[in-house]
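Asks: Predicted model follows, preceded by the sequence.
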Amino acid sequence: MKNSIEQQRSPFAQYFKNIFDAITSTYKGMSITMGYVLTKKPTSIEYPEVREVLPKSARMRLYNDALNCIACNQCAMACPVDCIYITSYPRPKDLEVPKTSDGTPKRQVLVQYTIDTSLCCYCGLCTTVCPTECITHSQDYEFAQYTLGQFKYDYTSDDIIAWRDRILGQKEN
Amino acid sequence: MLDELCQEIKLKFPASQAVLHNPPENVGSPSIEIEAKSLREVALYLRDDCKYKFSVLQVISGVDYLEYFEVCYMLANFDLARSYEFILKVKVSDRVNPVLDSVADIWPAANWQERECFDMLGIEFKGHPDLRRILCPEDWQGFPLRKDYVAAKYYNGMQVYPDHKMNLEERSFIINSKSKQEELQKQSLAKGL
Amino acid sequence: MTHDKHEGKHDHDHDDHDKHDDHHHEEVAEVEDYPKDAKEESLKSELLTLNMGPQHPATHGVLRIEIKTDSEIVSEAKPYIGYLHRCMEKHTESLDYRGIIPFVDRLDYLAAMNMEVGYALTVEKMLGTEVPARATYIRTLVSELQRIASHLVAFGTYALDLGAFTPFLYAFDQREKILRFFEEISGARLLYNYVWIGGVWNDVTDTQLDFLRDFIEDFEKELDEYHTLVTSNSIFRDRTANVAVIDLKTCLAYGATGPVLRGAGHRWDLRKVQPYLNYNELEFDVPVGGDNPEVGGMVGDCLNRYYVRMREMRESLKIIKQLLLKFPSGPIMGKVSKIIKLPKGEIYMRTECPRGELGFHIVSQGGKEPYRIKVKSPCFTHVSILPVVGPGLMIADFVAAVGSIDIVLGEVDR
């Protein structure tokens, strides 16, 4: 339809029509852009100074509360990329069996609970199978490292157990 | 509808030996299996002469069953009034040198799908205009989706997954000596684990 | 050039003479190169081979297209794919059915929810699981929202391909709100692992639904602005109208689906033709190319494919509005055993994704791992049309054609 009208018009009229079209469509576009400039607030944030408040459900770096872990190996089984490595030994018989915070007896002594964060795909499947809910996603999203080896966290080591208060505090808030 | 179609194919092409596979307990999709040698004539019949006119080949899926390959052609007609779809199956029993007739000139969609099937399972499509690997590099060895495929250790002289790049150290404590084991256990016990 | 070499050896006086000599030689050479009786054919140059990609911004990922050009006109286009091949189909053979969902996410990373819904529905159909009503509603809601988000990327990047930068920012601004909603309900922004076999992971709260209601109101106005900004722009129309026409016959022969097929004028939408989820309860139209004569262009050209996407966004909004009116309460997970084992057999099922029909062919031998999963990816078939569309187009129009097909390489290469 449009083509047939264009053919009827003389080239001279078409020339001015083109100019008119270009000006009007540019004007329309620029008026919307100016509307944005004047009325809308910026949606981006100045990152290092201003930090986004993540929703509670945000799935960031994994944290295993080793004190509540019963070494059942279910998370390692559920992991689709096999990035959880667990070593544990049966508890010596002469010792009393301690309990986790929800009352599950800890029959195994956890020696190593390593997560290779560089392999982790943040799918959250390990957190759903955990019977004592000791493995959770924390809200930490800044953990750049210099080497690949530094991405492996052994959650039984002292310095990571020390995160416990901070991360559990995050969850409550 | 598939019963009828299967009967028709059997009548028209006795050599095809069409068999209808209904899924057990109605779980899954029904399929019609035909002999490999009559694939092209059945395909032409399904596209042009059959009353359902399966004009669309959606995908070709090859499955390796160890003794034989099965190539599934998912056919459909995008007819708004009466849309049908079914799986046409062909068995390729030769595992060493699997060859099948190409249908790339019947359904142009088969061109790339057959290339992918060749790339992944090594089934050669006779009469294909341009049978090259499509997803893997052209100098790749072996066919990845075969069940007996062993991942290559070397590719063009380069080691695949070299140990020093795999972040392997301390992946899991493999402890052989009893004393070391007890020591670690003691450490853990002291932390209250 | 030869003149420079000799400069040191000659005096200034000789220099002028030399220059004159060079001129003379050049003239002679010209005459030798172009004989007077030259015909037009002998003046044709050989074809120039250009590599578009793999790191070309207009190829939307790592797609390489080998183009043979005769001056500015493409005479042959050969796509090379596989740069993002991650052996997804091989990986799934060693994973349980729940663990496959994160891999399915990574197929089409711009429409991960639709991928999950497609996979979960296929497995559920095989298992015979009943999904609670609320879970079905949430699934429809997230897949329509994801369709809008995905089309927004398609719209933004398409305008970017054609030289308009601003619409891209506006589109991503709105997409951000949808991603925020997804982050609230699932915990992730792009790869959700939210739709599970038997239901969905988390419940949606009322405050989150209110957020959506606000978003819909905003977005309807925004959509009008997009049409003023881009669709009615005469430069954009000139770049897209009557360019790279894919007619219905080609579409069917190559198995194209989604907006490419609908842009060619065929009202084929699985949501209408074979309703899954609860689409049969909802009212919406299926926009096709050519049913609005005001748009202009030819049926099946870039403009129509683009316009189908823009109108699908509005239809999706319509669906979301209807869903929000009658959101049922109840459980969000059906009864699924702890270890999922599919019965022996095979299934092929398709769902309508933003880019076309996504099909899963699952072969099970009765174990807890699938025997084979084959993904029918819509973009794979669409890329295979490019060699047919390409010849005869200008290079700049070829960019417009690739953009209008809207491919995601994660899904092409799997």
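Replies: Thanks, I have it.
Asks: Go ahead and confirm C:Arg314 touches C:Leu223.
Replies: Yes. Assessed by Cβ atoms under 8 Å, C:Arg314 is found in contact with C:Leu223 at 6.2 Å. Every residue, glycine included, has its C-beta placed from N, CA and C.
Asks: where in chain B is pLDDT low?
Replies: Residues of chain B that meet the criterion pLDDT under 70 lie in B:169-176.
Asks: if you set the cut-off to 90 instead, what comes out?
Replies: Scanning chain B for pLDDT under 90 picks out the ranges B:1-59, B:61-70, B:74-89, B:91-111, B:113, B:115-117, B:119-193.
Asks: mind checking how far the residue nearest to C:Ser364 when sequence neighbours are not counted is from C:Asp214?
Replies: Of all residues not flanking C:Ser364 in the chain, C:Leu342 sits nearest, at 3.8 Å (Cβ to Cβ, 6 or more residues apart in numbering or on different chains). For C:Leu342, the distance to C:Asp214 equals 42 Å [Cβ to Cβ, to the nearest Å].
Asks: These two: who's more crowded?
Replies: The residue with more neighbours, out of C:Leu342 and C:Asp214, is C:Leu342; 24 against 10, by other Cβ atoms under 10 Å in any protein chain shown.
Asks: dump the residue contacts of C:Ile319.
Replies: Shown in contact with C:Ile319 (Cβ atoms under 8 Å, 6 or more residues apart in numbering or on different chains): C:140, C:144, C:279, C:282, C:284.
Asks: Next, the contact list for the most centrally placed residue in chain B, please.
Replies: Centroid-nearest residue in chain B, with Cα atoms, centre = their mean: B:Gly62, separated by 2.7 Å. Counting by Cβ under 8 Å, 6+ apart, B:Gly62 touches B:69-72, B:117, B:120-121, B:123, B:145, C:374.
Asks: near chain A, which of these show up?
Replies: Counting by Cβ under 8 Å from any Cβ of the partner chain, nothing from these sits close to chain A.
Asks: which SS class is the residue nearest to C:Ser364?
Replies: coil (DSSP: H, G, I helix; E, B strand; the rest coil).
Asks: Is it in contact with C:Pro370, as I believe?
Replies: Yes. With contact defined as Cβ under 8 Å, C:Leu342 and C:Pro370 form a contacting pair (7.1 Å).
Asks: what residues do these two have in common as contacts?
Replies: With Cβ under 8 Å, 6+ apart, C:Leu342 and C:Pro370 have common neighbours C:97, C:362, C:364.
Asks: which secondary structure element contains the residue nearest to the centre of chain B?
Replies: strand B:56-64 (DSSP states H and E).
Asks: For whichever helix or strand comes after that strand, which helices and strands make contact with it?
Replies: As assigned by DSSP H and E, the chain's next helix or strand after strand B:56-64 is strand B:69-76. On a contact count with 3 or more Cβ pairs under 8 Å, 6 or more residues apart in numbering or on different chains; DSSP states H and E, strand B:69-76 meets strand B:56-64, strand B:85-92, strand C:345-353, strand C:356-364.
Asks: chain center to the first one: distance?
Replies: It refers to strand B:56-64. Distance of strand B:56-64 from the chain centroid (Cα atoms, centre = their mean, to the nearest Å) equals 7 Å.
Asks: can you tell if the longest strand anywhere in chain A touches chain C?
Replies: Longest strand in chain A, counting residues (DSSP state E): strand A:108-116. No. Using Cβ under 8 Å from any Cβ, strand A:108-116 stays clear of chain C, coming no nearer than 15.6 Å.
Asks: That strand: partners in the sheet, and parallel or antiparallel?
Replies: strand A:84-90 (antiparallel), strand A:152-154 (antiparallel) (DSSP bridges).
Asks: now check the helix or strand just after the last one, is it near chain B?
Replies: Taking DSSP H and E as the definition, the helix or strand that follows strand A:152-154 towards the C-terminus is helix A:158-161. Yes. Helix A:158-161 reaches chain B (Cβ under 8 Å from any Cβ) through A:158, A:161.
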